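A.B. asks: next comes the sequence, and after it the predicted model I'd like to discuss.
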Amino acid sequence: MKMKNNSKRLAELFGNSEETMIYSCLQGIMGEILIDDEENPKSALAKIGRYASFGFLSGQPTISLIEACRGEDIILVPKDRNWIRLIEESYADIAQPFIRYATKKNTAFDSEQLKSYILNLSDVFQIKPIDKNLYRQCLKQEWSRDLVANYKDVEDFLRLGLGYVAVYENQIVSGASSYSTYKDGIEIEVDTHPNFRRKGLAKAVAAQLILECLKQNRYPSWDAHTKNSLDLAKKLGYEFSHEYIAYEFEW
């Protein structure tokens, strides 16, 4: 069931998490929170995302919250070893574990370095802010849709989100955008068309997005899905914080 309005209890369940996607749910900006019991919740799931979702499990382990995600393309992040044990004992055949990489949330960026990544990009590419037309273009292709898909519509994205794309011959070939929004910042999503990788595009559009976030006093949070993503984050100025386990479910 969905949590109605008990922010104090939810804060207790999620503890001192620094995961910004949880913030988005707790603050009621986007996503949703599911609980095990309306009167006295002991378990909670913060879930965000439309096509490829993330879910953050906290509190006492319970099967019901995992089952609430059945059939979805979702990555679940367990709060502790007790949740890990439940997942591995009950879903060993369909839950594929992998490691994600968190970065520190107090990065001091080098603006001049970020600007150099943009200036070094080939002139055949143009970096543009995501507007109504580019929003629709992002949704048309699977590789780029997560740049904007978690917002209700284009007006919702333009109000809450922020993003930039690299354009080549009137087509989007790379983008860096807000996967989600919370009160003080965004969680960054970076995607590049397979035919245009290793050209500095991801670095350039991400640098542009970070610079705009700094201008707007919004923190550009970055959790890396792969080591390549972590390497890119480090080039942009982020510092590695810690590894954590996540599970991709194949129902």
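C.D. replies: On my side now, so go ahead.
A.B. asks: mind listing what's buried in stretch 145-164?
C.D. replies: Neighbour-count burial for stretch 145-164, counted by 16 or more other C-beta atoms under 10 Å, picks out 145-151, 154, 157-158, 160-164. Quick note: C-beta positions are derived from backbone N, CA and C, even for glycine.
A.B. asks: and of those residues, the nearest to K215?
C.D. replies: Checking the buried residues of stretch 145-164 against K215 with C-beta to C-beta, the nearest one is L162 at 10.4 Å.
A.B. asks: may I have stretch 54-72 exported as PDB, CA atoms only?
C.D. replies: Extracted C-alpha coordinates of stretch 54-72, given in PDB (Å, rounded to 0.1, in the frame of the first residue of the first chain):
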ATOM      1  CA  PHE A  54      14.800   2.000  -8.900                       C
ATOM      2  CA  GLY A  55      13.500   0.800  -5.600                       C
ATOM      3  CA  PHE A  56      15.100   1.400  -2.200                       C
ATOM      4  CA  LEU A  57      14.100  -1.100   0.500                       C
ATOM      5  CA  SER A  58      14.300  -0.200   4.200                       C
ATOM      6  CA  GLY A  59      13.000  -1.200   7.600                       C
ATOM      7  CA  GLN A  60      12.200  -4.900   8.400                       C
ATOM      8  CA  PRO A  61      12.500  -7.200   5.400                       C
ATOM      9  CA  THR A  62       9.200  -8.300   4.000                       C
ATOM     10  CA  ILE A  63       8.300 -10.200   0.800                       C
ATOM     11  CA  SER A  64       5.200  -8.100   0.200                       C
ATOM     12  CA  LEU A  65       7.100  -5.000  -0.900                       C
ATOM     13  CA  ILE A  66       9.300  -6.900  -3.300                       C
ATOM     14  CA  GLU A  67       6.200  -8.700  -4.700                       C
ATOM     15  CA  ALA A  68       4.600  -5.300  -5.300                       C
ATOM     16  CA  CYS A  69       7.300  -4.800  -8.000                       C
ATOM     17  CA  ARG A  70       6.600  -8.100  -9.800                       C
ATOM     18  CA  GLY A  71       6.600  -7.700 -13.600                       C
ATOM     19  CA  GLU A  72       8.400  -4.400 -13.500                       C
END
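A.B. asks: pull out the buried residues from that stretch.
C.D. replies: Residues 54-59, 61-62, 65-66, 69, 72 are the ones in stretch 54-72 that count as buried (16+ other C-beta under 10 Å).
A.B. asks: in the stretch 101-250 of the chain, which spans are strands?
C.D. replies: With strands called from DSSP state E, counting those that start in this stretch, the stretch 101-250 of the chain shows them at 126-129, 163-168, 171-182, 185-192, 219-221, 223-224, 240-249.
A.B. asks: most tightly surrounded among those strands?
C.D. replies: Among the strands of the stretch 101-250 of the chain, the stretch with the highest mean neighbour count (mean count of other C-beta atoms under 10 Å) is strand 171-182, at a mean of 26.
A.B. asks: beta-bridge partners for S178, please?
C.D. replies: I188 (DSSP bridges).
A.B. asks: spit out the contact partners of it.
C.D. replies: 160-163, 186-189 (C-beta atoms under 8 Å, 6 or more residues apart in numbering).
A.B. asks: ditto for E239
C.D. replies: Going by C-beta under 8 Å, 6+ apart, E239 touches 103-104, 107.
A.B. asks: pLDDT score for it?
C.D. replies: pLDDT recorded at E239 is 97.
A.B. asks: sheet partners, orientation included, of the helix or strand where I75 lies?
C.D. replies: I75 is part of strand 74-78, with elements assigned from DSSP states H and E. Strand 74-78 has its sheet partners listed here by DSSP bridges as strand 53-59 (parallel), strand 240-249 (antiparallel).
A.B. asks: and the next helix or strand after it, what does it pack onto?
C.D. replies: Counting by DSSP H and E, the next helix or strand C-terminal to strand 74-78 is helix 81-90. Applying 3 or more C-beta pairs under 8 Å, 6 or more residues apart in numbering; DSSP states H and E, we find helix 81-90 packed against helix 63-67, strand 74-78, strand 95-103.
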